[in-house]
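J.: the sequence and its predicted three-dimensional model are supplied below.
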Amino acid sequence: MKHFINLKDISTKSLRKILADAKQRKKKRIGLNTLDLDKNAPLKGKILIQMFEKPSLRTRLSFYLAIRQLGGGTITLRSNELHLGKGGESLADTAKILSTYGDGFMLRTDSDDKISEFVKYLKIPLINGLSPSSHPTQVLSDVFTVEEIKQKPISKLRISWIGDTNNVLNSLIAASVKFSFKLNVGCPKNYRPKKNILNLVKKNKKTINFFDDPKKAVTNADVIFSDKVISLNDKVNIKKKTKDFKKFYIDSNLLKLAPKCIFLHCLPRGSEVSDNVFLGKKSHVWQQALNRVHVQKSILMYCFNKLR
């Protein structure tokens, strides 16, 4: 049994195994229908319990299809439908019930502490489907997409991020350490990552370049990542934050500085990118979204000790 909580805690060798497995699984899906099973249905009879404390579209759909194509099934819970957190049932007791009914647990949560607490009591693998500080399943899938499109290891590419510091950027920084790629971050100075995130880079003797000028951040980039600047539950002064990020708007003029780049966005999008870019030839956001199914499958295989 293995948990999948944060990229920084998983070896590069294991992450590479997941990506290699996903590549083979995607190749073998050619010609199959959506609900056709993978050969040998390696997770036949397994149940993945998903619990969502935050809205989800791609994570929910991709894990549903992932476990189904591997031969298993899924049960989806919403936290507001449970006794958990309402004084009716402890997290420890909830974890024991989940371990009794399910074989794996995927949690999308608004609390990093809750993930840590579940790990203490669960007897089944826990997958972090998003937490305030990390979005590991998204970013590992993004690494897969980058290498699939560019046809070379991400370590040989120049990666840029334009936008706010959030869980996706935190995981991208962890990925830059694990896969040794050059990362430029374009964001206002007062929106840079927290010290503990930057300490991970320093500890591993890696370098990330921060720019207050988006043009410098993307010049000659091979890949430009972005995410929604104003999130659904952002407890910020929206007017001020929008103003702070005004010059970090991603349009076709900015992309001219990176003529060979591709554009990726984890979705949903907001006002941080123009339609010309988002729907343009350099954008691969739909391929990026669909690839999550293939990578989630291999993450499940990893967690169930089924990877060769």
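T.: It's in.
J.: how's this structure carved up into domains?
T.: 7-134+292-303, 136-288 (automatic domain parsing).
J.: can you tell which of the ones you listed is closest to Met1?
T.: domain 7-134+292-303 (5.2 Å; Cβ to Cβ). Where C-beta positions appear, they are placed from N, C-alpha and C, glycine not excepted.
J.: for the record, mean pLDDT for that closest one?
T.: In this model, domain 7-134+292-303 has an average pLDDT of 96.
J.: can I get the biggest helix by length in the chain in PDB, CA atoms only?
T.: Assignment by DSSP state H gives helix 285-303 as the longest helix of the chain. Extracted C-alpha coordinates of helix 285-303, given in PDB (Å, rounded to 0.1, in the frame of the first residue of the first chain):
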ATOM      1  CA  VAL A 285      -5.600  22.200 -22.800                       C
ATOM      2  CA  TRP A 286      -8.100  19.500 -24.000                       C
ATOM      3  CA  GLN A 287      -5.400  16.900 -24.500                       C
ATOM      4  CA  GLN A 288      -4.000  18.000 -21.100                       C
ATOM      5  CA  ALA A 289      -7.400  17.400 -19.400                       C
ATOM      6  CA  LEU A 290      -8.000  14.000 -21.100                       C
ATOM      7  CA  ASN A 291      -4.500  12.700 -20.200                       C
ATOM      8  CA  ARG A 292      -5.500  12.800 -16.500                       C
ATOM      9  CA  VAL A 293      -7.500   9.600 -17.000                       C
ATOM     10  CA  HIS A 294      -4.400   7.700 -18.200                       C
ATOM     11  CA  VAL A 295      -2.100   9.100 -15.500                       C
ATOM     12  CA  GLN A 296      -4.700   8.600 -12.700                       C
ATOM     13  CA  LYS A 297      -4.900   4.900 -13.800                       C
ATOM     14  CA  SER A 298      -1.200   4.500 -13.300                       C
ATOM     15  CA  ILE A 299      -1.300   6.400 -10.000                       C
ATOM     16  CA  LEU A 300      -3.900   3.800  -8.800                       C
ATOM     17  CA  MET A 301      -1.700   1.000 -10.000                       C
ATOM     18  CA  TYR A 302       1.200   2.500  -8.000                       C
ATOM     19  CA  CYS A 303      -1.000   2.800  -4.900                       C
END
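J.: so where is the stretch 151-300 of the chain shaky, pLDDT-wise?
T.: Applying pLDDT under 70 to the stretch 151-300 of the chain flags the ranges 232-233.
J.: can you confirm Leu183 is in a strand?
T.: Yes - counting by DSSP: H, G, I helix; E, B strand; the rest coil, Leu183 falls inside a strand.
J.: helix or strand for the closest residue to Tyr121 other than its chain neighbours, just tell me which one.
T.: Nearest residue to Tyr121, sequence neighbours excluded (Cβ to Cβ, 6 or more residues apart in numbering): Ala95, at 3.5 Å. Taking DSSP states H and E as the criterion, Ala95 maps to helix 91-101.
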